[in-house]
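S.K.: Return a 3D structure for these sequence lines:
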Amino acid sequence: MSRRESAHVFTRDDDRDHLRLLLRIARLYWIDGLDQKEVAEVVGYSRPTVSRLLAQARARGIVTVQVSHPVEAALACETRLRSRFGLTEAAVALDRGGGSAAAVGGVAARLIARRGGERAVVALSNGSSLSALVSAMPPQRWPGSHVVQMIGAIAGADTDAQLVDSPELCRRLADRLGGAHRPLPVPIVVSSAAMARAMEREESVRTTLELAARADIAACGVGAVDADGSSGRILRAYATPAVDAEVRRGGAVAHLAGHHFDARGRHVPTSLCERLIALDPARLADVAVSLAVAWGHEKVAALHAILRTGYVNALATDEPTARALLDFRP
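M.R.: Next up is the predicted model:
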């Protein structure tokens, strides 16, 4: 080491010239991006001396290194959700203070794009969360893909309801994927259990539901049940006071594909589900990616119940809902 170098390296820590040197070398290395050899050439010191000076800069707190990203909290939630509920996939949208529909729809769509492929079979239920997913789906080139209804259509749906109804969602998603869609040409609820069973035996209905059960990916909205037993927009037209009473007596807090579940994830049988034409939710357990898509404080108890069924193995939600879900105790 030269005398010039020695004068700087072994100067007392509070010497202003030494601190000025440390700041200069630190900026050249960490801000300007020079390597140690290049820094040595600029300041006229040897590379080993520059290395020691950089170490001093770190030790004195002149240089601090922070590894972080806004998505870090969402990634941590995903890890905890997978562990807590035994999920294979969790996609948590960042909390940016805006609306969650586009954000959650985006992470759900990217999950499907990543797990799907040219010949993927994708089954859909209905609801506003799936409408957000479909809207966010980037165009794909999956000419051999099929999008399949896993639940009947909302009878007499008005224009707004049609936008979240399964036939329209399947058609729109098939357009995005560049493939075909397989409709289920029946209403979601019919007048009697006998009629529902008869319709399920029809070849077009039976084969469509069987194709949905064998899908590569199934995406479902999650419905919340109010304290009075009402089940929200999708089932409102079919839920009579008698059905609401059955839902309350069974302690239902959620519904999935038209079927009700209590806080422990147990099916709550009602006269409504006997008249329902939809894929049996239990068959979702055999689908490689069975994805629940939902967000919002009002959906936390419902999501918790559905994740306890064991029927879904993937979740797309937003960061506030994920945190509330991880803290939730029924």
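S.K.: Where is the longest helix in this protein?
M.R.: Looking across the chain with DSSP state H, the single longest helix is helix 100-115.
S.K.: how far out from the middle of the chain is the very next helix or strand once past it?
M.R.: Where DSSP states H and E defines the elements, the next helix or strand beyond helix 100-115 is strand 121-124. Mean-position distance between strand 121-124 and its chain equals 16 Å (C-alpha atoms, centre = their mean, to the nearest Å).
S.K.: cool, stretch 140-154 as well?
M.R.: On C-alpha atoms, centre = their mean, the centre of stretch 140-154 falls 19 Å from that of its chain.
S.K.: Do me a favour and get the end-to-end distance for it?
M.R.: Using C-alpha to C-alpha, to the nearest Å, one end of stretch 140-154 lies 28 Å from the other.
S.K.: Can you give me the buried ones in that stretch?
M.R.: The neighbour-count check on stretch 140-154 (16 or more other C-beta atoms under 10 Å) flags Gln140, Trp142, Ser145, His146, Val147, Val148, Gln149, Met150, Ile151, Gly152, Ala153, Ile154 as buried. In this view, the C-beta of every residue, glycine as well, is placed from N, C-alpha and C.
S.K.: Can I get those residues in TSV including secondary structure?
M.R.: TSV is the format used below for those (DSSP: H, G, I helix; E, B strand; the rest coil):
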residue	secondary structure
Gln140	coil
Trp142	coil
Ser145	coil
His146	strand
Val147	strand
Val148	strand
Gln149	strand
Met150	coil
Ile151	strand
Gly152	coil
Ala153	strand
Ile154	coil
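S.K.: Return the member of the residues you listed nearest to Gly86.
M.R.: Nearest to Gly86, judged by C-beta to C-beta, of the buried residues of stretch 140-154 is Met150 at 22.4 Å.
S.K.: which residues does that closest one contact?
M.R.: Met150 makes contact with 123-125, 166, 184, 209, 212, 215, 218, 220, 257, 278-279, according to C-beta atoms under 8 Å, 6 or more residues apart in numbering.
S.K.: For those, which entry has the maximal number of neighbours?
M.R.: Using other C-beta atoms under 10 Å as the neighbour test, the contacts of Met150 are led by Ala123, with 32 neighbours.
S.K.: Name whatever forms a beta bridge with it.
M.R.: Using DSSP bridges, the beta-bridge partners of Ala123 come out as Val148, Ala218.
S.K.: these two touch, right, it and Val287?
M.R.: Yes. Using C-beta atoms under 8 Å, Ala123 makes contact with Val287 at a distance of 7.5 Å.
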